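**Q** When you get a sec, could you give me coordinates for this:
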Amino acid sequence: IFHRAEECAAALEESPLPTIACIRGYALGTGLLMVLACDMRVAEQNATLGIPIARLGITLSETFVKRIAALTGPAKMKDLVYTGRLLDGEEAMRLGLVDRVVPQNESVLHETLQISRVIRQQSPASILSAKRWGGSGSGRDPAAYSHVDPDDFSEGVRAFLEQRSPRFYEAEDQRKAQKPSSKMH
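**A** Next comes the predicted model:
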């Protein structure tokens, strides 16, 4: 089961698509593994995160340790593993385990979806290169991508010069419509 969990975490890290963890309630052990494999993490203020594995005699994989240490630093990673203490959203953010905390009276799902809408408005080529070159907590590399997408770059510059928001997906939809179908009839 631990090997399968690591495969799932690696799939999140290596996905060419941005991944955002929406943390409601508990993210402990393997749940935290999945959260840490995501590109961004948004947590409820009263969420509970932790690695209480030493209480159960479970060891961490090298990639799990690297994910935690990449976000918190080695000393804080050791503190979390050695003590098994549980953190709320605020402390998890102070330690670097989460990127944003949503107050209890607001919807963490709404905030997560809002972030995804903002990401969707950005250049897909830029997002993919940030994901690739930004690396992962485990040190594994996502699939290779080009540095500059000629269509997204052209649209981004055009939008900047015209002082408007870029419409990357509209341009992509137009390109797809102009390409001849490769299906045989």
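**Q** contacts, neighbours, all on C-alpha from now
**A** Will do.
**Q** What residues are bridge-paired with residue 26?
**A** Judged by DSSP bridges, the bridge partners of residue 26 are residue 48.
**Q** So it sits against residue 48, correct?
**A** Yes - with contact defined as Cα atoms under 8 Å, residue 26 reaches residue 48; the gap is 4.7 Å.
**Q** Geometric centre of this protein: which residue is closest?
**A** The chain has residue 39 as the residue nearest its centroid, 1.6 Å off, counting by Cα atoms, centre = their mean.
**Q** Relative to residue 1, how far out is it?
**A** Going from residue 39 to residue 1 by Cα to Cα, to the nearest Å gives 23 Å.
**Q** least trustworthy helix or strand in the chain by mean pLDDT?
**A** Within the chain, no helix or strand scores below helix 168-178, which has a mean of 61 by mean pLDDT, DSSP states H and E.
**Q** For the chain, give me the ranges with low pLDDT.
**A** 135-154, 156-158, 160, 169-185 (pLDDT under 70).
**Q** repeat that with 50
**A** 143-148, 181-185 (pLDDT under 50).
**Q** Tell me where it has helices.
**A** Counting by DSSP state H, the chain has helices at residues 2-14, 30-37, 62-72, 74-83, 89-95, 108-120, 124-134, 150-161, 168-178.
**Q** deepest of the ones you listed, which one?
**A** helix 30-37 (a mean of 22; mean count of other Cα atoms under 10 Å).
**Q** tell me which strands and helices it is in contact with?
**A** In terms of contacts (3 or more Cα pairs under 8 Å, 6 or more residues apart in numbering; DSSP states H and E), helix 30-37 is packed against helix 2-14, helix 62-72.
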